[in-house]
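In: Fold the following for me, if possible:
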Amino acid sequence: MKSFENKVAAITGAGSGIGRALAYALARQGCHLALADVNSEALAETAATARKLGITVTENQVNVAEREAVHAWANQVVLDHGRVNLLFNNAGVAQGGTVEGNDYADYEWIMNINFWGVVYGSKAFLPHLKASGDGHIVNVSSVFGLFAQPGMSAYNATKFAVRGFTESLRQELDMAGGAVSASCVHPGGIKTNIAKTARMNDSLSKVTGQAAEQARQQFNDQLLRTTPDKAAQVILRGVLRNNRRILIGADAWALDGMQRLLPSLYQRLVVGSMKLAARFAPKPKRGVSEGKVTE
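Out: Numbers count the residues shown, from 1 in each chain. As a prediction, this is how the structure comes out:
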């Protein structure tokens with residue numbers, strides 16, 4: 001793909017964060033948009049602003065964890081726009097807690113959105129992308145799809161799964177030799193609402209030395225540094241270059257390098273740094289609930 005002008009892009013999680021930034025960046029380049037999000041109000045905001053840039057925009061409230069809804073949306077996009085060239089499987093959630101402290105429901109909830117949402121989107125849109133004659137699938141994993149961290153087993157599992165799925169898909173598309181490709185995106189800390197809406201339970205305190213709500217706030221304040229606009233720029237540049245892997249942020253590059261150089265030893269380094277951080281972490285504030293914190 002050499003240009004986004006007059007193409008049609010479908011974006012999940014378009015109501016905020018990277019999804020919204022992608023919508024605006026593509027609209028400025030003359031790309032028509034099919035936007036989806038589970039939050040209809042946030043979605044309507046994104047759509048209204050994008051329309052002001054002079055392109056065609058459709059919006060659908062879609063829960064990516066529901067297979068039938070995703071397939072129905074894909075068919076509707078083609079009916080509304082006549083074709084679709086780009087799919088950004090961007091919608092995602094986060095969950096924090098130890099393996100012992102998590103319920104099975106925690107793993108099922110995040111897997112249905114972060115992994116199955118990507119699978120449903122990819123399978124629903126792939127025939128339409130092939131029919132367009134010039135298509136690209138962009139699946140958003142994470143820096144936590146490159147290396148693992150204690151207290152993040154559910155999130156790590158989904159993002160490693162997205163990475164494996166996308167890399168296999170890309171190889172299949174390469175072998176087919178058609179006009180459709182795929183890229184896997186690994187953002188570092190992006191200034192989105194993912195930390196604020198993450199589900200966390202207080203088993204995480206065994207790892208961080210903090211109550212769940214304090215860990216959430218520290219993560220949001222200290223680790224989310226790259227703006228969604230910058231992330232969108234990097235992603236779109238990677239698509240035009242047909243990159244297999246798209247890293248976003250200095251932290252993503254550094255952690256990717258660490259995992260490559262120290263594929264096993266990095267785990268000991270992470271454990272050591274987490275123990276040190278927990279030792280000096282602020283003590284839980286009085287009155288902070290020890291119960292499970294959800295979105």
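In: from here on, contacts and neighbour counts on C-alpha atoms
Out: Fine.
In: Where does pLDDT dip in the protein?
Out: Applying pLDDT under 70 to the chain flags the ranges 191, 193, 195-196, 208-224, 277-295.
In: List the buried residues in the lengthiest helix in the chain.
Out: In the chain, with assignment by DSSP state H, the single longest helix is helix 153-176. For helix 153-176, burial by neighbour count (16 or more other Cα atoms under 10 Å) applies to 153-163, 165-167, 169-170.
In: now stretch 262-280
Out: Buried residues in stretch 262-280 (16+ other Cα under 10 Å): 266, 267, 274, 275, 278.
In: Widest-spaced pair of the buried residues of helix 153-176?
Out: Pairwise distances across the buried residues of helix 153-176 (Cα to Cα) peak at 25.5 Å, for the pair 153 and 170.
In: all helices of the stretch 51-200 of the chain, in order?
Out: Per DSSP state H, counting those that start in this stretch, the stretch 51-200 of the chain carries helices over the ranges 67-81, 104-110, 116-132, 153-176, 194-197.
In: Could you dump those into JSON lines and include distance to residue 96?
Out: Listed next are the helices of the stretch 51-200 of the chain as JSON lines, based on distance: least, Cα to Cα, whole Å:
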{"stretch": "helix 67-81", "distance to residue 96": "25"}
{"stretch": "helix 104-110", "distance to residue 96": "9"}
{"stretch": "helix 116-132", "distance to residue 96": "19"}
{"stretch": "helix 153-176", "distance to residue 96": "7"}
{"stretch": "helix 194-197", "distance to residue 96": "10"}
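In: for those helices, which one sits closest to residue 58?
Out: Of those, nearest to residue 58 by Cα to Cα is helix 67-81, at 7.7 Å.
In: quick one, which of the helices of the stretch 51-200 of the chain is nearest to residue 87?
Out: Taking Cα to Cα, helix 116-132 is the member of the helices of the stretch 51-200 of the chain nearest to residue 87, at 7.3 Å.
In: quick one, what contacts residue 13?
Out: By Cα atoms under 8 Å, 6 or more residues apart in numbering, residue 13 lies in contact with 19, 20, 35, 36, 37, 38, 89, 90, 91, 92.
In: what sits up against the strand or helix carrying residue 251?
Out: Taking DSSP states H and E as the criterion, residue 251 maps to helix 250-261. With contacts defined as Cα under 8 Å, 6+ apart, helix 250-261 is touched by 143, 146, 147, 186, 187, 188, 189, 247, 266.
In: how about 6 Å then?
Out: 143, 188 (Cα atoms under 6 Å, 6 or more residues apart in numbering).
In: Restricting to C-alpha, output it in CSV.
Out: Output in CSV follows, covering the C-alpha atoms of helix 250-261 (Å, rounded to 0.1, in the frame of the first residue of the first chain):
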residue,chain,number,x,y,z
ALA,A,250,11.8,4.1,23.3
ASP,A,251,10.6,1.8,26.0
ALA,A,252,9.4,-0.7,23.5
TRP,A,253,12.7,-0.6,21.6
ALA,A,254,14.7,-1.0,24.8
LEU,A,255,12.6,-3.9,26.1
ASP,A,256,12.6,-5.7,22.8
GLY,A,257,16.4,-5.4,22.7
MET,A,258,16.7,-6.7,26.3
GLN,A,259,14.6,-9.7,25.4
ARG,A,260,16.6,-10.4,22.3
LEU,A,261,19.9,-10.2,24.1
